[in-house]
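A.B. asks: Got a sequence here, can you build the structure:
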Amino acid sequence: MTGENDVRGSTLGGLEGLDPGPFSRRGFVMTSLITGLTLATARVEAQAITTDAEGIEAGEVKIPAADGPMPGYRAVPTGAGPFPIVLVVEEIFGVHDYIKDICRRLAKAGYCAVAPELYARQGDLSTMTDVKTIIAEVISKTPDAQWIADLDATAAWAASAAKGDPGRLGVMGWCRGGRAAWLYDAHRTDLKAAVAWYGPLGGERSAIQPRTAGDVAAEIHAPLLALYGAADAGIPVASVEEARDKARAAGKTVELVVFPEAPHGFHADYRPSYRKEAAADGWARALAFLKRHGVA
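C.D. replies: Here you go, the predicted model:
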């Protein structure tokens, strides 16, 4: 583990207000990724999708961050490239087998997909078995400025060392990662497209997480596809519609798709919340959206 360093948050271009001041980079608690699936939620492992690595290169990588090597997972087609980059943003459970498989699916579709472990400094998600503990001890203590800088570092690494094309950059996230997709879209001026799978639009604000996804809806740069479930008990459809309308009023592009019977986590094929038809439809829409907006 590296020593404790004080890193001052810089003004993050395109996302005013996301400068909470100094925050501590503590070094990495997690130096490698989770093996298997998360221990922190109910699982139905028999239904989990497993994508092979035929025709692609896939595996754990070390991504140079400001304070040392950050663990991550990369999947990319074989061949010289460069290939369009998709930054894959995890749920709250870490880069486990489900997130790794998503990277392989994207690689099969022609993308350089990279999932950095954005919570590696705050806690060891491989050992955590309780959602409330993860939220209290890891999620709420991870500064937005930190993970945004880490995604920037991941994009730079993908372009320089992983056969990625920096001119074709997209982001896709699930749950908390869906929130990240909105925020990163408001930060990154050269982003081509973003896909948010059931990311919360509201939530508590804090000194290190000063703005919600709904707060920045009018500030996004790239077109955003919002995939949500009408049966999501934690994210009212009205809140997503409000964010969409706020974005559109500012001249931004947000395409909202609401799946009538789908609960939160409907794409997570390893969980009881999985809804096969909605997940497949959403995935097809996501790939088409990336292609339509220049990430292909």
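
A.B. asks: Phi, psi for the residue nearest to residue 190 when sequence neighbours are not counted please.
C.D. replies: In this structure, residue 190 finds its nearest non-sequential neighbour in residue 169, 6.4 Å apart by Cβ to Cβ, 6 or more residues apart in numbering. Every C-beta, even on glycine, is put in place using the N, C-alpha and C of the backbone. Dihedral angles of residue 169 (phi, psi; degrees, to the nearest 10) stand at phi -110, psi 130.

A.B. asks: OK, contacts around residue 169?
C.D. replies: 84, 85, 87, 155, 188, 190, 191, 192, 295 (Cβ atoms under 8 Å, 6 or more residues apart in numbering).

A.B. asks: and the last one, what is it in contact with?
C.D. replies: Under the criterion of Cβ under 8 Å, 6+ apart, the contact list for residue 295 reads 84, 85, 86, 111, 168, 169, 170, 192, 193.

A.B. asks: any idea which of those is the one closest to residue 65?
C.D. replies: residue 85 (16.8 Å; Cβ to Cβ).

A.B. asks: Quick check: neighbours of the strand or helix carrying the closest one in the sheet, parallel or antiparallel?
C.D. replies: For residue 85, the host element (DSSP states H and E) is strand 83-89. Paired strands of strand 83-89, with direction, are strand 112-116 (parallel), strand 164-174 (parallel) (DSSP bridges).

A.B. asks: Would you mind identifying the next helix or strand past that strand?
C.D. replies: Counting by DSSP H and E, what follows strand 83-89 is helix 97-108.

A.B. asks: Does anything pack onto that following helix? Which helices or strands?
C.D. replies: Applying 3 or more Cβ pairs under 8 Å, 6 or more residues apart in numbering; DSSP states H and E, one finds that helix 97-108 contacts strand 56-65, strand 68-77, strand 83-89, strand 112-116.

A.B. asks: thinking again about what came up before, what's the mean pLDDT across the strand holding residue 85?
C.D. replies: Average pLDDT, strand 83-89: 98.

A.B. asks: And for it, what's in contact with it?
C.D. replies: 73, 76-77, 99, 102-103, 106, 110-116, 118, 151, 154-155, 158-159, 163-166, 168-174, 176-178, 180-181, 184, 290, 295-296.
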